[in-house]
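> Prediction below, plus the sequence it came from.
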Amino acid sequence: MQFVQNTWKGILLCLIISVPCWFLGKIFPLIGGAVFAIIAGMIITIFIKDKAPLQSGINFVSKKILQYAVILLGFGLNLSVVLQTGMQSLPIIVSTITTSLLIAWAMHRLMGMPTKISTLVGVGSSICGGSAIAATAPVIKADDEEVAQSISVIFFFNVLAALIFPALGMLVGFSTSTGEAFGIFAGTAVNDTSSVTACAATWDSMHKLGSATLDKAVTVKLTRTLAIIPITMVLAYLTTKNAKNADNGSSYSIKSVFPFFIIYFVLASVITTVALNMGVAVEAFDPLKTLSKFFIVLSMCAIGLNTNIIKLVKTGGKPILMGFCCWIGITAVSLAMQHFLNLW
């Protein structure tokens, strides 16, 4: 009861802001509800004079609801289909993820960028945009401003990719009679699911391929999503190790940073896979997938409410440069690997 008394005002505010942002994301899918929610939160928080009564609820949404969103994301994964179709793209996925993480690490060292923002931009660029950032942020103890900054960077290059890549696919000579090559390219080189969908659907529309490109791209994208599991585990270990070193070897348990919600994410994926193999219709999981997406919008609203937009703008130059380098690196490696594997 005490929890409800402390949090209901902040949760209600987040809901009031998130619902219209959710519908705006439906109208403008290239931008997405999460981006609308962050921007709305950052603007509205400027006009709130006393945020103290709201803070507990806002913090709950930005931390816990974000984790629940990742767990529910697992209900969109049919591991059987992902493993069967995704194996073809696995070398490309591993190569692009490795490239992005190495670029982020190198630029972190060269430019002296904060470790947490570098990690979030690198992981968000390489795996699945906002979902990967949502999964990684609690593990490395990133604050809301770092999450907001990383999401903003990823969003910017998502939009560019969705607009530019169909023309790039024509330029490099992807087959227009099949969506195979461009689907793999979109699934490995574009970050967020909404932008992957927009990019692949544009190619289908341009060349009258039905949904062939879209189906391929989404499956490859789902395969990339599984990389959340090892990445968060490794980051949990490194976070614990660094904390021990900082405390001169004093006791610091990995349990304090271990991403237990990832275990539930895996369990949700297993439940989905078993149920589908037993004949349950895939549409049965649509409400849970929709709830996952809404929870991301809701949590991004809370993150926006905890973010200083002026500070965000002032410190945004280096993260944008890092995002650009990761984006170019992933695009180049994806194209090179497809060519090497004779996929186009």
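Structure's in. What do you need?
> Regarding G210, what is its secondary structure?
At G210 the chain is in coil, as set by DSSP: H, G, I helix; E, B strand; the rest coil.
> which residues touch V70?
By C-beta atoms under 8 Å, 6 or more residues apart in numbering, V70 lies in contact with S131, A134, A135, I228, F261, I262, F265, S292. All C-beta spots, glycine's among them, are computed from the backbone N, C-alpha and C.
> Tell me the confidence at the fifth one?
Model confidence at F261, given as pLDDT, is 80.
> coming back round to it: turn the contacts of V70 into TSV, columns for distance to L168 and secondary structure.
As requested, the contacts of V70 are exported to TSV (distance: C-beta to C-beta, whole Å; DSSP: H, G, I helix; E, B strand; the rest coil):
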residue	distance to L168	secondary structure
S131	24	helix
A134	28	helix
A135	29	helix
I228	27	helix
F261	36	helix
I262	34	helix
F265	33	helix
S292	30	helix
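> Pick the one among the residues you listed closest to L341.
Nearest to L341 among those is I228, at 24.3 Å by C-beta to C-beta.
> show me the contacts for that closest one.
Contacts of I228 (C-beta under 8 Å, 6+ apart): V70, I127, C128, S131, A132, A135, T136, I262, F265.
> repeat that with 7 Å
I127, A132, A135, I262 (C-beta atoms under 7 Å, 6 or more residues apart in numbering).
> try V153
By C-beta under 7 Å, 6+ apart, V153 lies in contact with V121, P319, I320, G323.
> Could you do I262 as well?
Taking C-beta under 7 Å, 6+ apart, one finds A135, I228, I229, T232 in contact with I262.
> Distance of F294 relative to T213?
Distance of F294 to T213, given as C-beta to C-beta, to the nearest Å: 27 Å.
> The longest helix anywhere in the chain: how far from the chain's middle?
If you go by DSSP state H, the chain has its longest helix at helix 144-172. Centroid separation between helix 144-172 and its chain, computed with C-alpha atoms, centre = their mean, to the nearest Å, is 12 Å.
> got the buried residues for that helix?
For helix 144-172, burial by neighbour count (16 or more other C-beta atoms under 10 Å) applies to 144-159, 161-162, 165-166, 169.
> Give me the mean pLDDT for that helix.
Averaged over helix 144-172, pLDDT sits at 87.
> after it, next one along is what?
Next in sequence after helix 144-172, counting helices and strands by DSSP states H and E, comes helix 180-189.
> That following helix versus helix 144-172: what angle between them?
Angle, helix 180-189 to helix 144-172, by axes from the mean of the first three to the mean of the last three C-alpha atoms, to 10 degrees: 160 degrees.
> what sits up against the helix or strand just after helix 180-189?
Helices and strands here follow DSSP H and E; after helix 180-189, the next one along the chain is helix 193-207. Contacts with helix 193-207, where a contact means C-beta under 7 Å, 6+ apart, come from 29-30, 32, 128, 158-159, 161-162, 165-166, 169, 176, 179, 182-183, 186-187, 190, 210-214, 217-218, 221.
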